[in-house]
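**Q** sequence-free structure coming up:
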């Protein structure tokens, strides 16, 4: 490759907002549910039905806009985007084209220690479509409108990213910000966050952008990184061969690590956007904005700084704990139950992370409660259980959120502090292991470790390790 | 039974126990059965449902549940308003099997007032037309002359009232669809201010222009019905709660000092001389009662029709996208794939006038033409509203004809859509400006056909036009078509 190329990337990110009801009707947004049970005349596009805007959607969209430094459009409107598809019950989607709710924002990302601002062109509100299910037995398609009308925001970035790392950092930043706001859980694998990647290539130093493609069907950060690398190479190959990149929408197949063209610009539909006459303009007053501004939560950067300052945690720990809202929430909730912050941090940083990794889970999948973690810490503080038992109990908490107090009680896991019982067990251990006793007496300090282990084994792990050590030394 | 009585008069008789709800409902159902072969005002007649409902309402009246003026009175609902469990077709093949699971708010309000729905009235397909000839269920005939159209698109509602098949009906008005058929059939109709009546459950044609309103024999009926159906609805964001909704309080014979303007633009070329004469005579009658009448230049009148057809068609092209054969309604029998199903369903399901407007609307919204047509039409709409606002600084009421002519012969305008569109010249600007208008008979031409008078008011000032219409009504006798007189008891 003689020439040096630069990758130019912009993102369109769809985020499902976590409102209780849909954007234009009172139906539940709850996931699951038998097909077409969370529906009404409005979200199934029945003749004569009319949309009525859910104000909570506007609140959440404004909150995201403010958190991403956007200008809020105080007189904004909805438009209709017209296209025929069976999952789209009205055959138009209510969206925003002319007056999107947020404009001109930016977020700061950090890649390999370098900070950079990524511009946000706009954020607009729209409704989600239903879901098509193909029935191979009858060779027909069925539609489930439960998702139809679930509120979405689309966050359109400027073409400011230059690498997959920057894209991931930007997505991570958005996800974190939106999770901290409680506006969405932002799960890529479940579709509550979806990213389309617009990518073009140009020679380093060129002023003009190259022709871009849009990549769809990216369901994980890893898929996004792979798709970017693949598309970058594909476009460079085209340019190197002296050909032209075609402006088109492509679909990524992550199992084959390959993308294929869905439609070219020539086939692009004319959506015939026009203002939706069924909805009145949304007038957002200064008071409304002030109200949302006042309710904005503490974001990651602020939390991270506070954890280091207030709890004396190392930066590394604070970074991980604030890395997902879920972890930060458990951390703070547990502390609120009078647990020592460093001990809480330890349980989250070490054991929790280990199990998550083992089970290939995300922190967002954690289901245990702060209450039970706090109880576990109290049990160890009071030396009611030793650390080995504590780890075992924690695994049960992680899995089933059990109450550690009653669990320890039921299973008889309490540390044995009874000196008489310990002394007789240790006497037996000494009698059974003359070689180790001999070694120890000959100056092999390590040999005592073996004897401690044997004692613990005999006591089924419940012995108080401090006492075992002390009694052993005394008897030896 | 005396079919010449009004809805309010019938309500009084029922309340007084002079006639039972079942008797009245049966009488009207029998009349419908006898007259429908001539008139074809209905798509659906629900004899069984109406009689069951009549018994229920009678019980409700006896128990004091229904006390309003419309309790027990039969009503026809234009077939573009959803009624739960009742076929609702918009007079289109594409909805020929559609039974809604819910009831339109305005209709529900009538039900709550104790009215008895006897059927669904014929109309131009999807309310697109001014003659009721574009209906999939055949044309409705004008009771004044069975060779003539009843007007449209609420032609079934107007003809049913004029033929005395029902005491009153609901219609909808997007560009004159209540007022013009009321004029052609010699009855009274009100197009309320945009937002006065909920559109929830009204199958949309032009969403920013559509309004539901009453058609009945006199102004008192219309004011009473409007009072029952108006109000803010949480299911319609464009509906509003505005004062001045005690319409029956405006039923007073007093127009002293009322300032009435007649747009010169409404009296020019194209207006039938007989219609002009009658309308001016009506103005004289109001003047004689103390109103101050003068002519003025409204301006922009020639732009109203193009602006209206662009906006209404644009909205319609989008509103009618949902009729695709997927979820409800007609689906073509054989198809090769999804797009073929869409194409065939819509080609077979829609009539020519609807297709024409879908194409027109899709064109004016398409990229490259949006600014030149749709945006320009919106700007024109704003200017027309401004011209009316200016006029209303000076006048309380604007008076003019409803239509350039009296009822046309069947088939006369179908072959020439532009001519049909031009017939809407006096009605469409009211919808563009969102104003209220009332249409009532003001005379008869040499063929004995009714001539309609139109009175327009300020936003949410239906009361003033109701007062003026009521005062004028006192100077003339309600005339029944010979058809109704001959068949009435």
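**A** Structure received. Model, not experiment: these values are computed from the prediction.

**Q** okay, now residue B:167: neighbour count?
**A** 26 (other C-beta atoms under 10 Å in any protein chain shown). Using the backbone N, CA and C atoms, a C-beta is placed for each residue, glycine as well.

**Q** so what's the closest residue to it other than its chain neighbours scoring on pLDDT?
**A** Spatially, and ignoring its direct neighbours in sequence, residue B:167 is nearest to residue B:7 (3.9 Å; C-beta to C-beta, 6 or more residues apart in numbering or on different chains). Residue B:7 is assigned a predicted lDDT (pLDDT) of 98.

**Q** how deep is residue B:7 tucked in, by neighbour count?
**A** The burial count for residue B:7: 27, using other C-beta under 10 Å.

**Q** In contact with it, which residues are there?
**A** B:69-70, B:73, B:75, B:167-168, B:216-217, B:221, B:224-225 (C-beta atoms under 8 Å, 6 or more residues apart in numbering or on different chains).

**Q** Out of those residues, who's the most crowded?
**A** residue B:73 (33 neighbours).

**Q** right, and that residue touches residue B:115 too?
**A** Yes - the criterion here is C-beta atoms under 8 Å, and residue B:73 meets it with residue B:115 at 5.5 Å.

**Q** which bits of the stretch 201-350 of chain A sit near chain B?
**A** Within the stretch 201-350 of chain A, the positions near chain B by C-beta under 8 Å from any C-beta of the partner chain are A:270, A:272-274, A:277-280.

**Q** Run the contact check for stretch B:424-439 versus chain A.
**A** No - counting by C-beta under 8 Å from any C-beta, chain A is not contacted by stretch B:424-439; separation bottoms out at 11.7 Å.

**Q** what is the mean pLDDT for the longest strand along chain A?
**A** Assignment by DSSP state E gives strand A:114-127 as the longest strand of chain A. The average pLDDT within strand A:114-127 is 98.

**Q** so where's the chain shaky on pLDDT?
**A** The chain I'm using is chain A. Across chain A, the ranges flagged by pLDDT under 70 are A:1-2, A:265-267.

**Q** that's the wrong chain, I wanted chain B
**A** Using pLDDT under 70, the flagged stretches of chain B are B:489.

**Q** how about a cut-off of 80?
**A** For chain B, the stretches with pLDDT under 80 are B:414-419, B:488-489.

**Q** tell me the centre residue of it?
**A** residue B:178 (2.1 Å; C-alpha atoms, centre = their mean).

**Q** So it versus residue B:450, what's the distance?
**A** 15 Å (C-beta to C-beta, to the nearest Å).

**Q** Show the contacting residues for residue 299.
**A** By default, I'm working from chain A. Counting by C-beta under 8 Å, 6+ apart, residue A:299 has contacts A:67, A:176-177, A:180.

**Q** that's the other chain; I wanted chain B
**A** Applying C-beta under 8 Å, 6+ apart, the residues near residue B:299 are B:265, B:387.

**Q** hmm, try it at 6 Å
**A** residue B:387 (C-beta atoms under 6 Å, 6 or more residues apart in numbering or on different chains).

**Q** Same question for residue B:173.
**A** B:191, B:211, B:213.

**Q** before we move on, what about residue A:390?
**A** residue A:380.

**Q** Which helix or strand contains the residue of chain B positioned farthest from its centre?
**A** Distance from the centre of chain B peaks at residue B:336, with 41.0 Å (C-alpha atoms, centre = their mean). Per DSSP states H and E: residue B:336 is located in neither a helix nor a strand.

**Q** From chain A, how far off is it?
**A** 13 Å (C-beta to the nearest C-beta, to the nearest Å).

**Q** is whatever residue of the stretch 101-250 of chain A ends up closest to chain B in a bridge, and if so with what?
**A** The stretch 101-250 of chain A approaches chain B most closely through residue A:143 (7.1 Å), counting by C-beta to the nearest C-beta. Partner residues in beta bridges with residue A:143, using DSSP bridges, are residue A:132.

**Q** Is it in contact with residue A:130, as I believe?
**A** Yes - if you go by C-beta atoms under 6 Å, residue A:143 and residue A:130 touch, sitting 5.2 Å apart.

**Q** still on that earlier bit, if we go by neighbour counts, what in the longest strand of chain A is buried?
**A** Across strand A:114-127, burial judged by 16 or more other C-beta atoms under 10 Å in any protein chain shown covers A:118-127.
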